[in-house]
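In: Coordinates for the following, if possible.
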Amino acid sequence: MKKILIASHGKLASGMKSSANILLGNTDQIHTIDAYLDNSNVEELVDEFFKGVDEDDQVIMMSDIYGGSVNQILYKYINKKNTFLISGINLAILLEIATSEEISPIRIDEIIAEANKYTMRVVDKEIEEEEFF
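Out: Here you go, the predicted model:
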């Protein structure tokens, strides 16, 4: 089974899950940690998440910013079997990961590359309908 853990500073993680739930419906595979809103220990929360992970599960951890404290905590878990870490996530990446059947390092790199194509400064120009979405 695929399990996705989004961890972020503040409520970004739960906000992304909320958006995914609107767009995809059931998002039971997505778990969130909204860090630093109270005195909760982020590492303990991640440990608690991994208690629910079976040996054959795939875990895709996602953090808001590379090198940030949340990312540094998740980094400690990347050597677990079938576990991946993506930093600097956005909704496009989350949706594609959530709906992809196959998750592998190559597939993750493809998803990130595709999602990055849609990060841009939008300018006022005439856009042909087939170019937009």
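
In: Let's see the pLDDT reported for the spatially closest residue to Asn82 that is not a sequence neighbour.
Out: Take Asn82 and drop its neighbours on the chain: the residue closest to it by C-beta to C-beta, 6 or more residues apart in numbering is Gln58, 4.6 Å away. For every residue, glycine as well, the C-beta is placed using N, CA and C. Looking at Gln58, its pLDDT is 96.

In: I'd like the numbering to begin with 275 instead of 1 from here.
Out: Right, with 275 as the first residue, what we last looked at is Gln332.

In: Next one: Gln332 relative to Lys325, how far apart?
Out: As defined by C-beta to C-beta, to the nearest Å, Gln332 lies at a distance of 17 Å from Lys325.

In: Which of those two has more residues huddled nearby?
Out: Neighbour comparison, Gln332 and Lys325: the larger count goes to Gln332, with 17 against 6 (by other C-beta atoms under 10 Å).

In: Please report how far that one lies from Gln303.
Out: 10 Å.

In: name the helices or strands packed onto the longest strand along the chain?
Out: Secondary structure of the chain per DSSP state E: the longest strand is strand 276-283. Using 3 or more C-beta pairs under 8 Å, 6 or more residues apart in numbering; DSSP states H and E, the elements in contact with strand 276-283 are helix 286-298, strand 304-309, helix 316-325, strand 332-337, helix 343-349, helix 365-373.
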